[in-house]
Structure formats: C-alpha cells, structure tokens
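> curious how this folds, go ahead:
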Amino acid sequence: MPDNSGLRKTYLALYDTVPGGTGYLKQLSDPDTMFEVFSRAKEVMEHCECAKNGGDGCYRCLYAYRQSQDLKLISRKTALAMLTGILDLANKRSRVTTVSKINTNKLFDSGLEQQFIEALRCMHAHPFAESDDAKGRRAIVKDEFINSKPGYSITVNGSVWSVEPQVALGPADGVAIPCKPDFVLTVSNIDESGDVVEHDGRKPVAIFTDGLQYHTGIVAQDSLKREALRQAGYRIWSLDYDDVIGYVQGKDVAQLADPMLAPKSMPSPVAYKSTIGKRTDEFNPSEVSAMAMLEYYLAEPDAERIFAIQALAMSYALNPRNKNVEPQAVDMLHRNEALHGENESTFMICSSWNPSNCTRLKFQSGLCIGEDMRTTEPHVGMVFSDIQRDAAKAKNDDYNPLDALDENEAETFKTQWAAFWHFANVMQFSEYFHAIGDAALRDESMYEPLRNGLRNAPDLQKDNDSEWNDILADPTYVYCADETKEAVKRFIESDIPAPDALGYELLDENEEIIAQAELAWEDGKIVFFPSYDLQSDRENADEFVKRGWTIITENNDDLDKVFASLTEGMER
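Numbering: from 1, shown residues only. Here you go, the predicted structure:
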C-alpha cells in the first residue's frame with residue numbers, strides 16, 4: 001500500500017479459503033489467541049531436534065511440503081528473530097480502526113532501513129568503475145548477531161564490516177548528545193580469509209536514513225547529534241529516500257548525483273583542481289551518488305586519506321578568489337565555530353556564498369594562517385534555513401511541516417535539504433568544517449553539552465543508560481516541554497529507571513485509547529505530567545488516577561519513595 005512517503009507499507013493479511021469459513025480467523029482476531037499462537041510457534045522452533053543438529057529448519061517445526069521449491073529461502077533463525085521481536089512488544093499493542101490510522105513513522109523508517117540492507121547487497125569492490133565488469137566482485141551480506149541482536153555483516157573488496165541496526169549511543173559511549181543511528185558499521189580487523197589485518201584507519205560509520213516528513217524542522221538538532229558522533233570518532237552518512245531507493249533500483253548515476261556539489265560552480269573551481277592533483281582517484285563528488293561514496297568508503301582501505309583530500313579541495317573551492325573580508329560573513333563564521341567551542345580565527349579572506357537559486361543553503365568561507373605560519377587553513381561554515389515546526393501540531397502522527405508550502409516551494413526545500421546532508425557527507429573529513437541549522441543561532445544553549453563535552457551532559461553511565469538513550473534520542477523529544485526535559489534530567493541524576501516509552505497511551509478494556517501522557521512506567525503504574533498540563537487537562541490525568549496510577553510532576557521531591565518498588569535491588 002503506497003503512502004505519501006513514496007514507500008509501500010507492508011502488511012500480513014490472513015484469509016480463509018474455505019467457503020463459509022473454518023472459524024479460525026475469528027479465533028485469531030482475538031489478540032491473546034494470536035499471541036499465544038506466536039508464543040507456541042516460537043517454543044516449537046526453539047526446542048526442535050533440528051536445532052540440536054545445527055539445522056536451520058525442518059518439516060517438524062517450519063517447512064511445508066508445498067514450499068519445497070523455496071526451502072533455501074526459509075530460515076528457522078530468521079523466524080525466531082521475527083517472533084521474538086513481535087512477542088517482546090506484545091504488551092504494547094493497541095487497536096486501530098483502519099490501517100491508514102497506523103503511525104507511519106516507524107513503518108517508514110523500517111521500510112527505508114530494510115531497503116538500505118538491500119542497497120548493501122548491490123555494492124561492488126570498485127564502485128566508480130564505468131563498466132559492470134570493472135566494478136569487480138559484488139558485496140556479500142550475511143545475517144549475523146551483533147551485540148546479542150540480529151544484524152548483518154558485509155564483505156566488500158576484502159573488507160569485512162559489521163552492520164548493527166538501531167544503536168542507542170550517549171555519554172556512556174563517549175557521545176555527548178544521545179542519538180540513535182539507524183545503523184552503525186564497524187570494520188573488522190579480520191579479512192574475508194580469516195586473517196588478522198592491520199587497522200587501516202577507517203572509522204565506525206553511523207548511518208541515518210532520514211525521511212523528509214519527520215526531519216523537516218529539526219535540522220539543528222539532527223546536525224548537533226551528528227557533530228557529537230563526529231567528535232566521538234565516527235563517520236556519518238546521511239541518506240534520504242531518493243539516495244537509497246534510487247540506488248537499489250539501479251537508476252543512472254546522473255539521476256542520483258547531487259549537482260550542488262559541483263566544484264565548477266563554486267567560487268574557486270581552479271583551487272579544487274590544483275588541490276586534488278593526482279593524489280586521489282579523482283572522483284568528482286557531484287558525479288557520483290551519496291550511496292556510491294559510502295560504497296567507496298567501505299571498499300577502499302585508503303578512504304580516510306582520499307576523502308580528506310576531497311574535503312580539503314572543496315574547502316578551497318568554497319573560498320572566494322577575491323581578497324575581501326566581509327564583516328557579516330566573519331561574524332556568522334565566528335558564531336558557527338563558537339557553537340562548537342572553537343576560538344575566533346583571524347581571516348585573511350572571508351565571504352558568503354550560496355549555490356545558484358538556493359535561499360536556504362548558505363556557506364561562509366574564510367582563509368587564515370596556520371600555526372606553523374606557512375600553511376593556510378580553509379574554514380567553512382554551512383547554515384541551513386529550516387522550516388519552524390508547530391510544536392502543538394507536531395504531536396499528531398500525520399503532521400507534515402511541508403504542508404505549509406506550495407508544491408514548488410516543497411520541492412525546492414527538499415532539494416536544498418538533501419544537498420545540506422550531501423555536502424556534510426563529504427565535508428565531515430575537514431576539521432575546519434561545521435554544519436548547523438539556523439535554529440542553533442537563535443538558541444546557542446543547544447550546543448552547550450557539546451562544547452562542554454561529557455561534563456555537562458546527563459550522567460548515563462549506569463546499567464540503564466541505553467534505555468534512557470532511547471528516550472533522549474527519540475526525534476520527538478525535542479518537542480517536549482521544558483518541564484519534561486528538566487524532570488528527565490532529574491530522573492537520570494537520581495538513578496530512576498527509564499520509562500517504557502516517550503508518549504504513552506492508556507487503553508481501556510476494549511483497547512481504545514482513553515488518556516495519554518509523556519512518560520509512564522507500566523510496572524510501577526507511575527505516570528508523569530508537566531504541572532501546567534496537569535492543571536489544564538485534569539480529565540486526562542483523572543483517567544490514570546481511576547485505574548490506580550500514581551501521578552508525578554517536575555515538582556515531586558519524593559522520587560525515592562515513589563520509585564522504591566522499581567529501584568529496589570538496583571545499584572545506587
């Protein structure tokens with residue numbers, strides 16, 4: 001079923017082929033019965049004899065004779081992983097009137113993430129080669145368990161990478177701002193032959209496959225999270241729908257490459273050519289796709305050096321040929337770098353530039369003398385003028401900030417938004433490059449945790465750190481009330497376990513939603529409301545009270561007592 005994201009939603013439909021029906025569907029329509037079937041199926045597969053013999057399925061637990069032609073596609077391990085994921089969320093199910101009412105956010109993300117894995121299967125050893133034969137061997141993608149959860153490995157041009165999905169990272173992991181990349185790829189020190197190899201310097205890669213609807217209006221927050229990852233030693237690849245799906249579909253390179261990255265259209269194209277020289281394979285970032293550049297990074301052991309030269313060359317190309325110093329450009333570049341904790345630089349040359357017809361994407365570039373007094377440092381700041389989201393409307397699943405624009409404006413926004421991330425993919429290899437959304441200039445405190453490193457970030461170095469990371473990394477967290485954020489900080493500092501979810505729906509006996517809250521701990525029947533919300537929407541809170549829930553606000557000073565049943569036995 002297509003939706004406005006361009007992806008197809010995938011559902012499993014059960015139907016009865018017997019005229020008049022067997023009655024099974026009516027039984028399975030009961031959620032408890034359905035989950036009991038899932039649970040029993042999982043139990044059978046876990047204890048089947050074929051598992052003891054190292055098999056991946058048999059006719060006792062999974063196969064059917066009518067599927068004999070497709071047995072190679074059927075896996076007991078895959079089935080167990082799927083059932084485990086379903087059963088782990090059994091107590092969080094909710095009734096919907098129609099499939100169109102299902103929150104598309106998670107479906108969209110999971111769909112695009114699945115397509116990313118398909119994109120990995122399309123990779124080759126030499127991605128920039130012109131002919132298919134010259135591209136070399138196709139990548140090998142295998143199912144693996146990474147950190148006790150289903151993941152993948154990809155082998156391309158002899159390099160083996162682990163592919164871990166949905167990785168919650170935070171201060172406990174050396175990342176100042178909690179975030180949750182869709183995938184983290186880490187190169188192994190064991191090659192495809194099983195031999196130990198010397199580490200070539202390539203870093204873990206955090207992958208973000210972003211849907212435009214859910215990331216419009218939060219470029220400042222998204223770029224902050226990516227910068228925190230960069231400072232923690234990661235490389236970051238941001239990919240949108242067109243990048244991933246177009247690559248999987250095998251679209252022509254000309255359709256996938258971003259022309260805004262063309263050095264020839266920058267202020268100093270000659271500087272790009274002279275810097276590149278013969279020191280790289282001379283690929284032009286505007287003539288290859290974002291996925292192909294990721295493919296190159298995964299396949300090429302010398303990728304760090306080559307991309308660093310590309311970023312340096314583009315930095316010089318973005319600097320003006322004249323020797324003017326524009327005060328406004330200097331001020332903007334200083335403010336950008338100050339957000340990242342950089343000292344003010346003295347620029348010999350500094351000016352602003354934006355690609356042709358771009359109103360939202362702007363660059364400030366400046367040259368200054370290096371510490372050795374012999375080299376120059378090309379500084380580049382990139383600022384994206386974002387749409388301001390309506391915080392109240394953003395709580396609705398179907399809210400799309402782009403609806404405020406006409407068709408042409410929305411398409412222009414999409415083009416420049418994608419170019420912002422495409423530039424960042426390449427320019428991240430320069431230590432003198434910083435990318436921000438303009439909201440960070442209006443609220444400079446946003447970058448304070450990054451500037452102060454881990455000292456000013458919430459202390460998550462506890463057993464429950466990953467759970468709080470999930471809450472803090474949720475894209476909707478930025479829209480929570482300040483009172484909620486202050487309360488979360490207190491909860492973390494007080495060693496309170498993380499709630500079950502950000503945004504909780506209370507269901508009645510008919511599984512209809514009757515009340516909502518920002519934070520809830522189901523096991524303890526504890527629910528959080530900002531104090532102002534408690535006063536303005538008492539009816540909502542009363543539904544929780546009627547059912548025996550304890551309500552807390554940011555003003556509670558008895559957290560130890562309230563959470564005693566949940567924290568008993570925990571190390572404090």
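> which residue, other than its chain neighbours, is closest to residue 217?
Once flanking residues are discounted, residue 217 sits nearest to residue 389: 3.4 Å by CB to CB, 6 or more residues apart in numbering. All C-beta spots, glycine's among them, are computed from the backbone N, C-alpha and C.
> now name the helix or strand holding the one you found.
In the assignment (DSSP states H and E), residue 389 maps to no helix and no strand.
> residue 41 now?
Using DSSP H and E, residue 41 sits in helix 31-46.
> try residue 424
In this assignment (DSSP H and E), residue 424 forms part of helix 407-427.
> so how far is that helix from its chain's centroid?
17 Å (CA atoms, centre = their mean, to the nearest Å).
> flag every buried residue along that helix.
410, 412-427 (16 or more other CB atoms under 10 Å).
> name the helices or strands packed onto that helix?
With contacts defined as 3 or more CB pairs under 8 Å, 6 or more residues apart in numbering; DSSP states H and E, the packing partners of helix 407-427 are helix 219-231, strand 235-240, helix 290-299, helix 303-318, strand 361-369, strand 376-384, strand 433-437.
> average model confidence for the fifth one?
What that stands for is strand 361-369. Across strand 361-369, the average pLDDT comes to 93.
> buried residues in that strand?
Buried residues in strand 361-369 (16+ other CB under 10 Å): 361-367.
> repeat that for the second one.
Within strand 235-240, the residues that count as buried by 16+ other CB under 10 Å are 235-240.
> quick one: mean pLDDT for the helix holding residue 424?
Mean predicted confidence for helix 407-427 is 94.
> doesn't residue 111 lie inside a strand?
No - using DSSP: H, G, I helix; E, B strand; the rest coil, the secondary structure at residue 111 is helix, not a strand.
> for residue 71, see how far away it is.
Separation of residue 111 from residue 71 (CB to CB, to the nearest Å) stands at 27 Å.
> show me which of the two is the more surrounded one.
Neighbour count, other CB atoms under 10 Å: between residue 111 and residue 71, residue 111 has more, with 22 against 15.
> tell me which helix or strand of this protein sits lowest on mean pLDDT?
Here the helix or strand of the chain ranked lowest by mean pLDDT, DSSP states H and E is helix 104-121, holding a mean of 70.
> what bits of the stretch 151-300 of the chain have low per-residue confidence?
192-194, 278-282 (pLDDT under 70).
> which stretches of it form strands?
159-165, 183-187, 205-210, 235-240 (DSSP state E, counting those that start in this stretch).
> next, format those strands as a markdown table and append distance to residue 260.
As requested, these are exported to a markdown table (distance: least, CB to CB, whole Å):
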| stretch | distance to residue 260 |
| --- | --- |
| strand 159-165 | 29 |
| strand 183-187 | 25 |
| strand 205-210 | 17 |
| strand 235-240 | 14 |
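> and this structure, what are its domain boundaries?
1-92, 111-450, 467-568 (the TED database).
> ok, now which ones touch the nearest residue to residue 124 once chain neighbours are set aside?
Nearest in space to residue 124, with sequence neighbours left out and distances taken as CB to CB, 6+ apart, is residue 135 at 3.9 Å. Counting by CB atoms under 8 Å, 6 or more residues apart in numbering, residue 135 makes contact with 124-127, 129.
> swap in residue 25?
Counted by CB under 8 Å, 6+ apart, residue 25 has contacts 14-16.
> switch to 7 Å and redo it
Residues in contact with residue 25 (CB atoms under 7 Å, 6 or more residues apart in numbering) are 14, 16.
> next one: it from residue 16, what distance?
From residue 25 to residue 16 the distance is 5 Å (CB to CB).
> go on, residue 377?
Counting by CB to CB - residue 377 and residue 16 are separated by 71 Å.
> follow-up on the earlier one: any chance of the buried residues of strand 361-369 in TSV, with distance to residue 490 too?
Putting the buried residues of strand 361-369 into TSV (distance: CB to CB, whole Å) gives the following:
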residue	distance to residue 490
361	39
362	39
363	41
364	39
365	43
366	42
367	47
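> closest one of the residues you listed to residue 347?
residue 366 (3.6 Å; CB to CB).
> isn't the closest one right up against residue 353?
No - applying CB atoms under 7 Å, one finds residue 366 not in contact with residue 353, separated by 11.3 Å.
> leaving out sequence neighbours, find the closest residue to residue 219.
Per CB to CB, 6+ apart, closest to residue 219 is residue 437, 3.3 Å.
> that neighbour reaches residue 217, doesn't it?
No - assessed by CB under 7 Å, residue 437 is found out of contact with residue 217, at 8.9 Å.
> which neighbours do the two share?
Residues touching both residue 437 and residue 217 (CB under 7 Å, 6+ apart): residue 386.
> residue contacts, residue 182?
By CB under 7 Å, 6+ apart, residue 182 lies in contact with 113, 165-166, 207-209.
> give me the phi and psi for it.
Dihedral angles phi and psi of residue 182 (degrees, to the nearest 10) take the values phi -70, psi -30.
> ok, it to residue 146 distance?
Distance from residue 182 to residue 146, by CB to CB: 14 Å.
> re the thing from before, touching the helix holding residue 424 from outside, list them.
212, 219, 237-238, 240, 258, 260-261, 285, 290, 293, 307, 310-311, 314, 358, 360-361, 380, 382, 384, 402, 405, 433, 435.
> follow-up on the earlier one: for residue 245, state which of the buried residues of strand 361-369 is nearest.
residue 361 (23.0 Å).
> doesn't residue 381 make contact with that closest one?
No - Residue 361 lies out of contact with residue 381 (CB under 7 Å); the separation is 11.9 Å.
> for the stretch 401-550 of the chain, give me the ranges with low pLDDT.
In the stretch 401-550 of the chain, residues with pLDDT under 70: 454-466, 475-476, 478-479.
> and if we set it to 90?
401-407, 409-410, 444, 449, 451-496, 498, 500-518, 523, 530-541 (pLDDT under 90).
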